[in-house]
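Colleague: give the three-dimensional model of this entry:
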Amino acid sequence: MLDYTGLDNVISKGAIYSLRHAGVDDNWFFGKGDETDPVLKTTSLRENFEKTDPEFTGRPTVPALVDIKTGKVVNDSSQGIMNELASAWKPYFKPGVKDVLPESNKSAVLEMANTIIEDITAIPGKIAGAQSQNEYEKLAKQYFDRLEWLDERLADQQYLLGEQITVPDFWLVVSLIRFDTVFYFKSKLNKKALTDFPNLWRYAKECYQLPAFKQNTDFQAIKEHFFKVSDDPVRSIDRMMPVGPDESKWNA
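Modeller: Numbers count the residues shown, from 1 in each chain. Predicted structure coming up:
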C-alpha cells in the first residue's frame, strides 16, 4: 500500500531476508549474512523489538512499523498497520490518489477487510495447525466458499467495493498471489486453482499489473520463505523448491 498511495516517499521500506538463518528460527535478518539495514542500523529485527522491550523473548514478526529516531517497534499488527496507514497518514498521500479508506464507506471497507482476513488470509495458517481430517476439510470449505462468493462479486465490478481500490483489495491480491504460488500445494488448498475462478483471476492479474503490486512481488522469495524456510541444508521433499507454477501467466 505504501507505493500505491505514495507513502513510500515519507516511510522507508526495509526488506528482510526471505529465509531464516541456519539454526535460528526465532529472528528475521536483513540479509544472508550480517548486513545492516541502512536506515534502522540493525542487522536483525529482534534488535528493534528489544529496543522496544529489553525483556522481549518472543518471535519478531513482520510487518513491523519502526520509529527511526528511537529504533523501537511502534506497531507489529498487519491489520493495525494497514488501517493506520490508510487513515492517519492520509495527509501524506500523493496528489490524485483515491482514498483507500473513505469515511463515507468506512464500515463497509473494514467489514470486507475482516472477511478477507478471516476467510482467506488466515486459513493457510490454521490449516498448518489442523489436527484432524475434519478440521482441515472445514477450513478448506470455508476458503473455497469465500473464493466462490468473491468470484461472483467481481463479475460486474472492477474491485471489491466498486471502481476504486480500497484496503481489502490489498489483503486479497497478496493472498491470491500466495494461493497460486504456495498454498494450492503446501496447504492442500487444491480443490480449484486460481485460474478456475474467471473473475478472481482477471481481477488478480489486473491488480498485479499496477506497479505498486508488481514491483513488490517476488515470486522466488515467496517460494523460498514458505518451502525452503531456512538456510539449513535441504534434505527432504517438503523443503524443496517447486519448479512451478509458471509465473509468465501473470503477464499474459
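
Colleague: and the strands in this structure?
Modeller: Assigned by DSSP state E, the strands in the chain fall at 65-66, 73-75.

Colleague: sketch out the low-pLDDT regions of the stretch 101-250 of the chain for me.
Modeller: Within the stretch 101-250 of the chain, not a single segment meets pLDDT under 70.

Colleague: what ranges do the helices span in it?
Modeller: Using DSSP state H, counting those that start in this stretch, the helices of the stretch 101-250 of the chain run over residues 106-116, 123-128, 133-153, 167-178, 184-186, 198-208, 211-214, 219-223.

Colleague: who wins for proximity to Asp231 among these?
Modeller: helix 219-223 (13.7 Å; C-beta to C-beta). Any C-beta I mention is one placed from the backbone N, CA and C, and that applies to glycine too.

Colleague: which residues are in contact with that closest one?
Modeller: Helix 219-223 has contacts (C-beta atoms under 8 Å, 6 or more residues apart in numbering) with 18, 177-178, 181-182, 241-242, 247.

Colleague: rerun at 7 Å
Modeller: 18, 178, 181-182, 241-242, 247 (C-beta atoms under 7 Å, 6 or more residues apart in numbering).

Colleague: closest one of those residues to Asn199?
Modeller: Looking across the contacts of helix 219-223 and measuring by C-beta to C-beta, the closest to Asn199 is Arg178, at 18.9 Å.

Colleague: the closest one: neighbour count?
Modeller: If you count neighbours by other C-beta atoms under 10 Å, Arg178 ends up with 21.

Colleague: same check, this time on Gly23
Modeller: Counted with other C-beta under 10 Å, Gly23 comes out at 8.

Colleague: and if you look at Thr36?
Modeller: With other C-beta under 10 Å as criterion, Thr36 counts 13.

Colleague: ok, the nearest residue to it once chain neighbours are set aside to Lys51 distance?
Modeller: Leaving out its chain neighbours, the residue that sits closest to Thr36 by C-beta to C-beta, 6 or more residues apart in numbering is Thr43, at 5.3 Å. As judged by C-beta to C-beta, to the nearest Å, Thr43 and Lys51 stand 13 Å apart.

Colleague: again, but for Arg178
Modeller: 30 Å.

Colleague: okay but the residue nearest to Thr36 is in contact with Trp28, surely?
Modeller: No - with contacts counted by C-beta atoms under 7 Å, Thr43 stays clear of Trp28, the gap being 10.4 Å.

Colleague: those two: who's more crowded?
Modeller: Neighbour count, other C-beta under 10 Å: between Thr43 and Trp28, Trp28 has more, with 20 against 16.

Colleague: just give the number of residues close to the nearest residue to Arg20 once chain neighbours are set aside.
Modeller: Excluding the flanking residues, the one nearest Arg20 by C-beta to C-beta, 6+ apart is Ser230, at 3.8 Å. Counted with other C-beta under 10 Å, the neighbours of Ser230 add up to 16.

Colleague: same deal with Trp250?
Modeller: Going by other C-beta under 10 Å, the residues that sit close to Trp250 add up to 19.

Colleague: wait, what's in contact with the closest residue to it other than its chain neighbours?
Modeller: Once flanking residues are discounted, Trp250 sits nearest to Tyr208: 5.3 Å by C-beta to C-beta, 6+ apart. Applying C-beta under 7 Å, 6+ apart to Tyr208 gives the contacts 214, 217, 250.
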